[in-house]
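Visitor: Here is my input; please provide its structure:
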Amino acid sequence: MTQTIPVRLAARSYDMHIGHGLLARAGDLIAPFAPSGRVFVVTDRNVADAHLQTLIAGLGRLDTRNVFVLEPGEQTKSFVGLEQLLSAMLAVNITRKDLVIAFGGGVIGDLAGLAAGLVKRGVDFVQIPTTLLAQVDSSVGGKTAIDTPEGKNLVGLIHQPRLVLADTDVLSTLPMRERRAGYAEIVKAGLIADAAYFAWCEANAAAILDNDRDALTHAITTAVAFKAGVVARDETEQGERALLNLGHTFAHALEAHGGYSADLLHGEAVAAGISLAFKLSAQLGHCAPADAERVARHLNAAGFITDLRQLPGAPFSAEALLSLIASDKKAEAGRLTFILARAIGGAFIDKDTPADAVRALLQAETQT
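Guide: Prediction:
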């Protein structure tokens, strides 16, 4: 059984298929988007070792001679990585009738999508996300980017895929830590706009993390349907789509502070950032302290570290984090923008969050 979630963007609309055995059917699903019959598969070494042969077999008659295997990890998502990938594509004379396949987690999806959007002024691409985090978040919505020393995802563009294939079978090879990192983006959907879904997550987190087929499919489908609706209403993030960044302003600063080290996964930073966003909301009087405590309690029960003093990368500097937050792409005219909450399921965009309040929170949270 597979679920199909449409992402409705007029001429740029596409479908996301979620379910089992999709790699084996990839050729039939992808062929309509590859008029030349030639595909360029971009993946990383870990995914290649585990799943590349399955994908190649599933692509059938498509020309799969061009496979680019990159090093895994966030540090690949850089100017250096982008240049290497673009050079490789140009060296084999990629054309605008070819198709790029991003086969990996969020790093590969972001990097391959950006390269596809730039090379020859734009080549179509398909997302085949192989991590839970990528399946519920980065593969949907067309955001592509690389990181820089100044911050995360500061250089990029919106380049929508033609199709997304989320084969849940590949998740069986993910270590628990990677599954947990993806769970942060699942529970985020409930915290933004669906209190009942958050309550369902509270009751089913263990089943999701244990790869229970029914719980996992429901979790992914619900989170993707929520994000697809938001993206359809606000593709270029002029308003509502910014809500999807709940926890991310803090998270991106934490990741940049640590130099995008593999010691802190994106989903782990997001979980800590969500907890901080609810604490800040409570301190500013937007939501009840009990809501912030409930969120932190659930994240901790799911195995996340929300105490910055124990988070990988510690010790963190409050001033360094604040400086990174000030350079975030959501900041406007020197004002800090955060996604805060009036309640669980009641997130909102605050475009003038007091810097003093953020500083005080960070100082308290990093103080040993």
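Visitor: mind checking the SS state of the nearest residue to residue 294 once chain neighbours are set aside?
Guide: Taking C-beta to C-beta, 6 or more residues apart in numbering as the measure, residue 294 lies nearest to residue 344, with 6.8 Å between them; neighbours along the chain are not counted. C-beta: built from backbone N, CA, C; applies to glycine. The three-state label given to residue 344 by DSSP: H, G, I helix; E, B strand; the rest coil is coil.
Visitor: repeat for residue 6
Guide: In three-state terms, and counting by three-state DSSP, residue 6 is strand.
Visitor: returning to that earlier point: correct me if wrong: the residue nearest to residue 294 contacts residue 190.
Guide: Yes. The pair residue 344 / residue 190 is scored as a contact, 7.5 Å apart, by C-beta atoms under 8 Å.
Visitor: what's the spacing between residue 50 and residue 15?
Guide: When distance is defined by C-beta to C-beta, to the nearest Å, residue 50 is 25 Å away from residue 15.
Visitor: To clarify, my last question referred to residue 112.
Guide: Noted for residue 112: a distance of 19 Å to residue 15, by C-beta to C-beta.
Visitor: before we move on, back to that, which residues do residue 344 and residue 190 both contact?
Guide: Taking C-beta atoms under 8 Å, 6 or more residues apart in numbering as the contact rule, residue 344 and residue 190 both touch residue 198.
Visitor: can you list the weak-confidence ranges in this structure?
Guide: 329-334 (pLDDT under 70).
Visitor: can you list the domain ranges for it.
Guide: Taking automatic domain parsing as the reference, the chain has its domains at 2-173, 176-366.
Visitor: any chance of the ones you listed in JSON lines, with mean neighbour count too?
Guide: Listed next are the domains of the chain as JSON lines, based on neighbours: other C-beta atoms under 10 Å:
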{"stretch": "domain 2-173", "mean neighbour count": "20"}
{"stretch": "domain 176-366", "mean neighbour count": "19"}
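Visitor: Who are the contact partners of residue 19?
Guide: 1-3, 166-168, 217.
Visitor: now do 10 Å
Guide: The contact partners of residue 19, taken as C-beta atoms under 10 Å, 6 or more residues apart in numbering, are 1-4, 25, 165-169, 213, 217, 220-221.
Visitor: Residue 32 now?
Guide: With contacts defined as C-beta under 10 Å, 6+ apart, residue 32 is in contact with 99, 162-163.
Visitor: again, but for residue 287
Guide: When contacts are counted by C-beta under 10 Å, 6+ apart, residue 287 touches 277-281, 295, 340-344, 346-347.
Visitor: and the residues you listed, which two are the farthest apart?
Guide: 279 and 346 (15.7 Å; C-beta to C-beta).
Visitor: Out of the contacts of residue 287, which is nearest to residue 153?
Guide: Comparing these against residue 153 with C-beta to C-beta places residue 277 closest, at 17.8 Å.
Visitor: Quick check: next helix or strand after the lengthiest helix in the chain?
Guide: Among the elements of the chain assigned as helix by DSSP state H, the one spanning the most residues is helix 213-233. Elements were assigned by DSSP states H and E; along the chain past helix 213-233, the next helix or strand is helix 248-257.
Visitor: from memory residue 168 sits against residue 179, does it?
Guide: No. Distance between residue 168 and residue 179: 11.4 Å, which falls outside the contact criterion (C-beta atoms under 10 Å).
Visitor: what is in contact with these two at once?
Guide: Any residue near both residue 168 and residue 179 by C-beta under 10 Å, 6+ apart counts here, and that gives 132, 211, 216.
Visitor: which residues sit in contact with the last one?
Guide: Going back to what we said before, that points to residue 216. The contact partners of residue 216, taken as C-beta under 10 Å, 6+ apart, are 18, 132, 135, 168, 171, 179, 182, 186, 204, 207-210.
Visitor: Relative to residue 128, how far out is it?
Guide: Distance check for residue 216 against residue 128: by C-beta to C-beta, it reads 17 Å.
Visitor: Likewise for the second one?
Guide: As judged by C-beta to C-beta, residue 211 and residue 128 stand 19 Å apart.
Visitor: next one: residue 43
Guide: 9 Å.
Visitor: and residue 43, helix, strand or coil?
Guide: Each residue gets one of three states, and residue 43 gets strand by three-state DSSP.
Visitor: tell me the contacts of the residue lying closest to it once chain neighbours are set aside?
Guide: Here the nearest residue to residue 43 in space, its sequence neighbours aside, is residue 103; by C-beta to C-beta, 6+ apart that works out to 4.3 Å. The contact partners of residue 103, taken as C-beta under 10 Å, 6+ apart, are 23, 26, 41-44, 47-48, 51-52, 55, 67-69, 109, 112, 126-130, 165, 170.
Visitor: What residues does the residue most central in space within the chain make contact with?
Guide: Most central residue of the chain, judged by C-alpha distance to the mean C-alpha position with C-alpha atoms, centre = their mean, is residue 138 at 3.4 Å. Applying C-beta under 10 Å, 6+ apart to residue 138 gives the contacts 102, 105-110, 113, 127, 129, 131, 144-145, 153, 185, 266.
Visitor: can you rerun that using 8 Å?
Guide: For residue 138, the contact set (C-beta under 8 Å, 6+ apart) comprises 105-106, 109-110, 129.
Visitor: separation between the residue nearest to residue 60 when sequence neighbours are not counted and residue 120?
Guide: Nearest residue to residue 60, sequence neighbours excluded (C-beta to C-beta, 6+ apart): residue 27, at 3.4 Å. Distance of residue 27 to residue 120, computed by C-beta to C-beta: 24 Å.
Visitor: Any idea how far apart the tips of stretch 12-26 sit?
Guide: 20 Å (C-alpha to C-alpha, to the nearest Å).
Visitor: quick one: contacts of stretch 115-123?
Guide: Contacts with stretch 115-123, where a contact means C-beta under 8 Å, 6+ apart, come from 42, 82, 85-86, 89-90, 94-96, 98-100, 102, 124-125, 144, 157, 159.
Visitor: I'm done for today, thanks for sticking with me.
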